[in-house]
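Chemist: could you look at this predicted model? Sequence included:
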Amino acid sequence: MGTYTEGTYTELIFGAELKKSTPNSVITTLKYMVGDLDTPTGPIVFDYQCNPLIGGSYYFGVHHGEAKMEYDEASNSWTISTRTNIKNTWNDIENFLAWIKPYIEFGSGARDMYAVVMYEESEEPVMYYKYEDDGEIKEGL
């Protein structure tokens with residue numbers, strides 16, 4: 001459980017293909033978080049106060065979040081995408097991005113961008129990449 005702060009409304013745009021080695025507990029947790037499971041079929045391995053994958057407010061242009069998780073037979077892997085926004089009081093978005101990053105196989109572009117985060121008071125979004133400019137795996141978020 002995170003520490004309560006005032007929090008700001010925050011928009012998350014996320015998309016990635018997960019590694020084939022992603023544990024079933026992570027897949028089950030994600031399926032529950034995107035709304036594909038009414039009740040979890042195993043332990044939830046990501047702790048959150050406000051689900052960062054489903055939510056919406058009238059602060060942003062997209063009022064109702066969308067999340068989708070699919071198994072791709074051709075690549076034999078799971079993909080997940082979402083566009084949502086929440087009152088990010090407990091830093092659930094940043095915590096989710098730190099938690100999911102080790103399981104990401106691919107994002108978009110040469111640096112494998114996997115998330116765009118826009119804070120309500122910011123003028124520019126924050127981009128999250130798997131790789132640094134030099135091709136090395138980026139540490140942290």
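Modeler: That came through, no problem. Residues are numbered from 1 along each chain as shown.

Chemist: drop to CA atoms for contacts and neighbour counts, all remaining ones
Modeler: OK.

Chemist: what's the neighbour count on T39?
Modeler: For T39, the neighbour count with other Cα atoms under 10 Å is 11.

Chemist: Three-state assignment for the nearest residue to it once chain neighbours are set aside, please.
Modeler: Counting by Cα to Cα, 6 or more residues apart in numbering, the nearest residue to T39 once its immediate chain neighbours are dropped is Y32, at 6.9 Å. Using DSSP: H, G, I helix; E, B strand; the rest coil, the structure places Y32 in helix.

Chemist: wait, doesn't Y32 sit right on G42?
Modeler: No. The criterion here is Cα atoms under 8 Å, and Y32 misses it with G42 at 9.9 Å.

Chemist: just checking, Y71 is part of a strand?
Modeler: Yes. Under three-state DSSP, Y71 sits within a strand.

Chemist: how near is it to N95?
Modeler: Distance, Y71 to N95, using Cα to Cα, to the nearest Å: 24 Å.

Chemist: related to what we said a few turns ago, burial count for the residue nearest to T39?
Modeler: Neighbours of Y32 (other Cα under 10 Å): 17.

Chemist: which ones are touching Y131?
Modeler: 111-112, 137-138 (Cα atoms under 8 Å, 6 or more residues apart in numbering).

Chemist: same thing but 10 Å
Modeler: By Cα atoms under 10 Å, 6 or more residues apart in numbering, the contact list for Y131 reads 107, 110-113, 137-139.

Chemist: list only buried entries from those residues.
Modeler: 107, 111-113 (16 or more other Cα atoms under 10 Å).

Chemist: got those as JSON lines, with secondary structure and distance to W90 columns?
Modeler: Below are the buried ones among the contacts of Y131 laid out as JSON lines (DSSP: H, G, I helix; E, B strand; the rest coil; distance: Cα to Cα, whole Å):
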{"residue": "G107", "secondary structure": "coil", "distance to W90": "25"}
{"residue": "R111", "secondary structure": "coil", "distance to W90": "28"}
{"residue": "D112", "secondary structure": "coil", "distance to W90": "26"}
{"residue": "M113", "secondary structure": "strand", "distance to W90": "24"}
